[in-house]
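>>> fold the following, please.
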Amino acid sequence: MSQNYQPPAPSSYTEAPAPAPARGGNIGLGIAAGVVAALVAAAAYGGIMNAIDREIGYAAAGVGLLVGLAAGKLGGRNPVLPGVSALLSVGGVFLGQMFFIVLAMAKYANVGVLDVLDKAGASGLLDIWKESLDFMSFVFLGIGAFVGFGSAKKAGL
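Numbers count the residues shown, from 1 in each chain. Model prediction:
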C-alpha cells in the first residue's frame, strides 16, 4: 500500500537575526585617548582659571567629562576604564591648577610661560601649589574624579 506523504508546509515563523556582538573596544586606545583628553582639558582648565582669576567646579567637572567620554567611547566596555578615567581626571585637574600658577606668575612678572618654567622648575611649582592648597582644591580634584568615573562608565555602554 502506498501512502500519500506530503512534506510539511514552510513555517511563517522566521528566526530573528543574531544580535550584534557586544562592542569590546580597545583598552589601550581608550587609555591613550584619556591621556590626550586630560592634557587638552588641563590646558583649557588652566586658561579658564587664569581668565576669571578663580577656580570653578563646572570646569573641573568638564575635565572629568572630557576624559571619561574619550576613554569610554574609544575604550569600550572595559571595567578598568572608569577607574583609569578617574585617575586621569585628577591628573588633568592637577595639571590645570599647575598651568594656572604658571600663567599667573608669567602675568605677574611680565615674562613668558617658558621663562617661568625655566626659572621655577617643576619642584618650585609644586611647592607653590602645596602652599596654595585648601579644602576646595581637594573638592575640585574629587569632582573631576567623580565625573570622570561616571562618564567613562556611561560612555562605554
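
>>> any weak-confidence spans in this structure?
1-2, 10-14, 16, 18-24, 157 (pLDDT under 70).

>>> need the contact list for the residue nearest the centre of it.
Geometric centre of the chain, nearest residue: residue 67, 1.2 Å, by Cα atoms, centre = their mean. Residues in contact with residue 67 (Cβ atoms under 8 Å, 6 or more residues apart in numbering) are 34, 37, 38, 41, 85, 88, 89, 92, 144, 148, 151, 152. C-beta here means a position set from N, CA and C on the backbone, and glycine is covered the same way.

>>> can you put those in CSV and add neighbour count and distance to residue 47?
Shown next, in CSV, are the contacts of residue 67 (neighbours: other Cβ atoms under 10 Å; distance: Cβ to Cβ, whole Å):
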residue, neighbour count, distance to residue 47
34, 29, 20
37, 25, 16
38, 30, 15
41, 28, 11
85, 38, 22
88, 30, 19
89, 35, 17
92, 32, 13
144, 33, 16
148, 39, 20
151, 25, 21
152, 31, 24
